[in-house]
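J.: show me the folded form of this:
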Amino acid sequence: MSTDLCLVRHGESEWNYEKRIQGQLDPALTDLGRRQAQAVAERLAQGEWDLLYSSDLSRARETAEHISRALGLEVQLRTILRERNQGKLEGLLSADARNRYPDFDAPEVGRETADQLKARAAKGIGELLAEGAGKRLIAVCHGGLIRAYLQHLEENGAAVRPVNLENASVTLIRWQDGAPMAIAVNDVAHLVAKDLVRSA
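T.: Prediction:
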């Protein structure tokens, strides 16, 4: 019995575009982000899927709604799939944040630690896998949370390489006989084909 989990990072948000730290604040998608969400929805519609989950933050939820319409699946919202809580960094431009807080992990910043994020990602995604054992699942969430989950898998012996993830990228993990294997990580072929990758 195999279980497939497709982790989708949300489309580009207004604060992604502005290079502003989002954390658990809630900016909307840009026009490009909506087109990216539609492109990933069209890609996923080429396969068969059983369950669709999403972070409840609007940038993920709106991306998931595009997928929902394409696949005919109800979006199940989960707060545990939210992005990393960035404490006092949230809402600041990245450059300003570095000037104000040279050490992002200093206690006064109030940021969720890397270990806390990894534990939350493992717990939240583990719950989805338990509910959907033997099925094909999609979870729309955030770059930091997905990367933390990939780190968790790597630390537990899986051949998975954590990377920074592009907006609306697809990462597919397959569990066969209980062992996870990365089929795709940070795949953006569906965006490249439509010229929907934002240049740095």
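
J.: could you tell me the end-to-end distance of stretch 14-30?
T.: 5 Å (C-alpha to C-alpha, to the nearest Å).

J.: now do the buried residues in the longest helix along the chain.
T.: Ranked by number of residues, the top helix in the chain under DSSP state H is helix 114-131. Buried residues in helix 114-131, counted by 16 or more other C-beta atoms under 10 Å: 117, 118, 120, 121, 122, 124, 125, 128, 129. Yep, even glycine has a C-beta here, placed from its N, CA and C like the rest.

J.: isn't the first one up against residue 146?
T.: No - with contact defined as C-beta atoms under 8 Å, residue 117 does not reach residue 146; the gap is 10.7 Å.

J.: report how many residues lie close to residue 157.
T.: A total of 9 residues lie near residue 157 under the criterion other C-beta atoms under 10 Å.

J.: which residue ranges form the helices in the chain?
T.: Using DSSP H, helices in the chain cover 14-18, 31-44, 58-71, 94-100, 114-131, 143-155, 189-192.

J.: list the contacts of the fifth one.
T.: This points to helix 114-131. 3, 5, 7, 51, 53, 78, 80-81, 84, 112, 137, 139, 144-146, 148-149, 151-152, 175 (C-beta atoms under 8 Å, 6 or more residues apart in numbering).

J.: drop anything exposed from those.
T.: So, by 16+ other C-beta under 10 Å, the buried ones in the contacts of helix 114-131 are 3, 5, 7, 51, 53, 78, 80-81, 84, 112, 137, 139, 144-146, 148-149, 151-152, 175.

J.: how many residues are close by residue 48?
T.: By other C-beta under 10 Å, the residues close to residue 48 number 10.

J.: bridged to the spatially closest residue to residue 132 that is not a sequence neighbour, which residues?
T.: Closest residue in space to residue 132, ignoring its immediate chain neighbours: residue 51 at 4.9 Å, by C-beta to C-beta, 6 or more residues apart in numbering. For residue 51, the beta-bridge assignment (DSSP bridges) gives partners residue 137.

J.: got a list of what residue 51 touches?
T.: Contacts of residue 51 (C-beta under 8 Å, 6+ apart): 73, 76, 128, 131, 132, 135, 136, 137, 138.

J.: and the first one, how many neighbours does it have?
T.: When neighbours are defined as other C-beta under 10 Å, residue 73 has 17 of them.

J.: and it, how far from residue 36?
T.: 19 Å (C-beta to C-beta, to the nearest Å).

J.: in CSV, list the helices of the chain along with distance to residue 171.
T.: What follows is those, written out as CSV (distance: least, C-beta to C-beta, whole Å):
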stretch, distance to residue 171
helix 14-18, 18
helix 31-44, 11
helix 58-71, 14
helix 94-100, 23
helix 114-131, 11
helix 143-155, 6
helix 189-192, 13
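
J.: those: which one's closest to residue 181?
T.: helix 143-155 (9.7 Å; C-beta to C-beta).

J.: quick one: contacts of the closest one?
T.: 7, 9, 55, 81-84, 114, 117-118, 120-122, 124-125, 160-165, 167, 171, 173, 180, 182, 185.

J.: again, 6 Å this time
T.: Helix 143-155 is touched from outside by 7, 9, 83-84, 117-118, 121-122, 125, 160, 162, 165, 180, with contacts defined as C-beta atoms under 6 Å, 6 or more residues apart in numbering.
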